[in-house]
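Participant: sequence and computational prediction follow.
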Amino acid sequence: MSSYLLIAGATALLGPMIMAVLARRVLGLRIGAVRALLTGVAGLLAAGVVGTPMGPQASRTPLVTVQLGAALLGAMLFLVLSEAAVTGGSVRGMVRWPGAVRRRLARSRRYTQLSRIAVRHGLRRFLTGRSRRGTASPQDQAALARSLRLALEEAGATFVKLGQVLSSRYDLLPDVFVDELSSLQHEVAPEPWPDIERVLAEELKAPPEKVFAEFAREPLAAGSMAQVHRARLRDGRAVAVKVQRPGARQVLERDLDILFRISDILERSTTWGRTVGSRELVQGFADSLHEELDFRTEARNTAAVAANTALADADAPHDEDAPSGAAPRVLLPEVHQELSTERVLVVEWLDGVTLNRADAVIEAQGLDRERLARDLFGCLLGQIMIGGVFHADPHSGNVLVLSDGRLGLVDFGSVGRIDRMLRSSLRELLMAIDRNDPQALSDALLDLVERPDEIDEERFTRALGRYTARHLASAGPPGREMFSDLFLLVAQYGLTVPPEVAAAFRALATVEGALGRLVPGFDLVEEARAFASTELARRLTPTQLSRSLAEETAAVLPMLLRLPRRAERISSALEQGRLNINVRLLADERDRRFIRGIVRDVLLTFLGGLTGVLGMLLLSTRGGPRVAGSLRLFDVFGYNMLLISSVLVLRVLFTLTKPSR
């Protein structure tokens, strides 16, 4: 009796485990212990369901393989269904269902609100792809642009920020949309002081009155995600404290989720969405906003831009009338790293006013507007071309006119980074513009962009020649259409601007508005030409030439040392007639894995179909030896073949339809 119980217990324990392992291996899944146990139990239940109609134990014995096959098929079906139903392929995902339902309800309410806004402003037909009539006339485009701006302003902070990003994308939108979206504003009421005080206490691990000697409860500025207060440290230094609004992350995540869904609709239903890659555009926007939510990232950005600005100032040539050792003309705040956290940022206080309110200060101090504009533009160009880390949003609200007559840059939540190779191509682009050389401009642009496999470079160069004649050779400063025409030309030839390069052009287009407040009609191209000329002159100095020569020699020297040995091998192979070329097909492991997957699925499908057909033929065949009672040997083989066919077909179907993790 005890041995019987022992065997029964071992079967009860090992049976589910074996079924789970077999089902997991056949489907190629990795599952947890809880789901493995449930899978084994499901397999045993399937075996019991199949075995019940078979009658007494004596008549079941010939069909034991059918029971085992049914157990495996039941376990596989359970795994397939659970993989489709459970989030992340884990039973733990079922625990998250209530939260997911709450988020879905909140998203549905927000989506309903946004849909009403879109309908109210006449935009619903463009989001659903039902509009097939073009808006070619200027009146239609102007009306649509105004409706879009009003809808974005009503939709809230996240959508206003999206509109502000789109307002500098001349490559995506016509000028009328760019001009309309440039005027986007979003008035935000300041957060109540108790909520701000709670965030400060949570982040600084102490009440604000213990950390700061003074703290102004009324904010100096209130944005959609944060607000800025003035304070004073215990050592007497004045600082600006940026505090994130409570709940800002939840609001952002909800709106970004909706934006991703809208971008999918646009990419699926509209030509414009497919052309610009609306999903990729929203992904870049989401990445930027997530960086802005973490103030530690902004602290690192501020330090990086300050270091690279100092490097650019050290390398760039100075004016002859500037005194030796003069302070930088554009000041960046120092970050207090010990007080900065994910939701609180403490930086040096820059005493000044924002550029959009500085007209009276400039007139009162008698400042040279032309000099300020050149300083600001030169600082940004130096960050882009020399340092490689630059302020990506230098609008007039982020530029200060300081009390000592200098400029200051604040708010480094969004920065751009350009590697050394792209910086070199950008410098070549500026030098080509300075020389008005279409061929050099074409070469520099092709180095900057992501090009297709086939491009007619001769036609592209001729088109650039017409572009330079229209925008760079004409009298007077070029207008904003210079940027839009260049991006349209690039898109016309199937070229894609990398995100980091687009960020640099976007920063230059943004700073144009700030420069226009200082000097209306400020000539960006002429100043860029002057920067390119001085940069070229600096690079031709003996010191810079020797440094460049040393760097290039260090990079090329290892290859030069290997050349004699390789040349000797090639000449020996030629002399002895042993020179050959080896070409390996499918050398990449990903290609081999792809081919193996196709061959496996085709083979399993063929075997599954063939086995199923043979099983049906055997079951329909009359006669044959009897195994037990009315059960014939052909029936046993037929049932087993049908189960094998079901397992193989289910394996192939699951492979083709399972979501990628």
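Facilitator: That came through, no problem.
Participant: point out where the stretch 301-450 of the chain drops to low pLDDT.
Facilitator: Counting by pLDDT under 70, the stretch 301-450 of the chain has low-confidence residues at 311-328.
Participant: tell me the contacts of the closest residue to Phe295 other than its chain neighbours?
Facilitator: Taking Cβ to Cβ, 6 or more residues apart in numbering, and ignoring the residues beside it in sequence, Phe295 has Leu345 as its nearest neighbour in space, at 4.0 Å. Heads up, the C-betas are built off the backbone N, CA and C, glycines and all. Taking Cβ atoms under 8 Å, 6 or more residues apart in numbering, we find Leu345 in contact with Val241, Lys242, Phe295, Glu298, Ala299, Val335.
Participant: closest to Val449 out of these?
Facilitator: When the contacts of Leu345 are compared for distance to Val449 (Cβ to Cβ), Glu298 wins out at 29.6 Å.
Participant: residue contacts, that closest one?
Facilitator: Going by Cβ under 8 Å, 6+ apart, Glu298 touches Lys242, Glu291, Glu292, Leu345, Asp411, Phe412, Gly413.
Participant: and which of these is nearest to Val613?
Facilitator: For the contacts of Glu298, the closest approach to Val613 (Cβ to Cβ) belongs to Glu291, at 58.7 Å.
Participant: that closest one against Gly413, yeah?
Facilitator: Yes - Glu291 sits in contact with Gly413 when judged by Cβ atoms under 8 Å, with a separation of 6.8 Å.
Participant: wait, isn't Met17 in contact with Gly40?
Facilitator: Yes - with contact defined as Cβ under 8 Å, Met17 and Gly40 form a contacting pair (5.8 Å).
Participant: name the residue in the two with the higher neighbour count.
Facilitator: Using other Cβ atoms under 10 Å, the more surrounded residue of Met17 and Gly40 is Gly40, with 25 against 13.
Participant: quick check: Glu334 vs Ala307, distance?
Facilitator: Glu334 sits 12 Å away from Ala307, going by Cβ to Cβ, to the nearest Å.
Participant: how many residues are close by the nearest residue to Arg249 once chain neighbours are set aside?
Facilitator: Here the nearest residue to Arg249 in space, its sequence neighbours aside, is Leu293; by Cβ to Cβ, 6+ apart that works out to 5.7 Å. A count of nearby residues for Leu293, using other Cβ under 10 Å, gives 18.
Participant: what do you get for Asp294?
Facilitator: Neighbours of Asp294 using other Cβ under 10 Å come to 17.
Participant: could you turn the buried ones of the contacts of Glu298 into a ChimeraX selection?
Facilitator: Selection of buried members from the contacts of Glu298 for ChimeraX, criterion 16 or more other Cβ atoms under 10 Å:
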select :242,291,292,345,411,412,413
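Participant: quick one on the thing from earlier: quickly list what's touching both of Glu291 and Gly413.
Facilitator: Here Glu291 and Gly413 have Thr297, Glu298 as joint contacts, going by Cβ under 8 Å, 6+ apart.
Participant: what's Val627 sitting at in phi/psi?
Facilitator: With angles defined as degrees, to the nearest 10, Val627 sits at phi -100, psi -50.
Participant: and what of Asp404?
Facilitator: Dihedral angles for Asp404 - degrees, to the nearest 10 - are phi -90, psi 10.
Participant: next: the one 10 residues further on.
Facilitator: For Ser414, the backbone dihedrals (degrees, to the nearest 10) come out as phi -120, psi 110.
Participant: would you check that it makes contact with Phe390?
Facilitator: No - with contact defined as Cβ under 8 Å, Ser414 does not count as touching Phe390 (10.3 Å).
Participant: out of those two, which sits in the busier spot?
Facilitator: Set side by side, Ser414 and Phe390 show more neighbours around Phe390, with 29 against 22, by other Cβ under 10 Å.
Participant: give the bridge partners for that one, please.
Facilitator: Phe390 has the following beta-bridge partners by DSSP bridges: Gly416.
Participant: quick one, what contacts it?
Facilitator: By Cβ under 8 Å, 6+ apart, Phe390 lies in contact with Val305, Asn308, Leu380, Gln383, Ile384, Val415, Gly416, Arg417, Ile418, Ala504, Ala507.
Participant: what about burial for these, which qualify?
Facilitator: Using 16+ other Cβ under 10 Å as the burial test, those include Val305, Asn308, Leu380, Gln383, Ile384, Val415, Gly416, Arg417, Ile418, Ala504, Ala507 as buried.
Participant: give the contact list for the third one.
Facilitator: Think Leu380. Counted by Cβ under 8 Å, 6+ apart, Leu380 has contacts Phe390, His391, Pro394, Ala507, Leu508, Val511.
Participant: element containing the fourth one, please.
Facilitator: For Ala507, the element it lies in under DSSP states H and E is helix 499-518.
Participant: list the buried ones in the helix or strand following that helix?
Facilitator: The helix or strand immediately downstream of helix 499-518 is helix 524-539, counting by DSSP H and E. Of the residues in helix 524-539, Leu524, Glu527, Ala528, Arg529, Ala530, Phe531, Ala532, Glu535 count as buried by neighbour count, 16+ other Cβ under 10 Å.
Participant: just the contacts of Glu298 now: which is nearest Pro190?
Facilitator: Pro190 has its nearest neighbour among the contacts of Glu298 in Lys242, at 13.1 Å by Cβ to Cβ.
Participant: identify the bridge partners of the closest one.
Facilitator: On the basis of DSSP bridges, Lys242 is bridged to Val228, Leu345.
Participant: my guess is it contacts Thr341. True?
Facilitator: No - assessed by Cβ under 8 Å, Lys242 is found out of contact with Thr341, at 10.8 Å.
Participant: got any residues that touch both of the two?
Facilitator: Counting by Cβ under 8 Å, 6+ apart, the residues touching both Lys242 and Thr341 are Phe295.
Participant: can you show me the helices along the stretch 51-200 of the chain?
Facilitator: Ranges of helices in the stretch 51-200 of the chain, per DSSP state H, counting those that start in this stretch, are 57-60, 64-85, 92-95, 97-120, 124-128, 138-155, 157-166, 175-181, 193-204.
Participant: please identify which of these is closest to Leu617.
Facilitator: Of all these, helix 64-85 comes closest under Cβ to Cβ, at 17.3 Å.
Participant: which residues belonging to the closest one are considered buried?
Facilitator: 66-80, 82-83.
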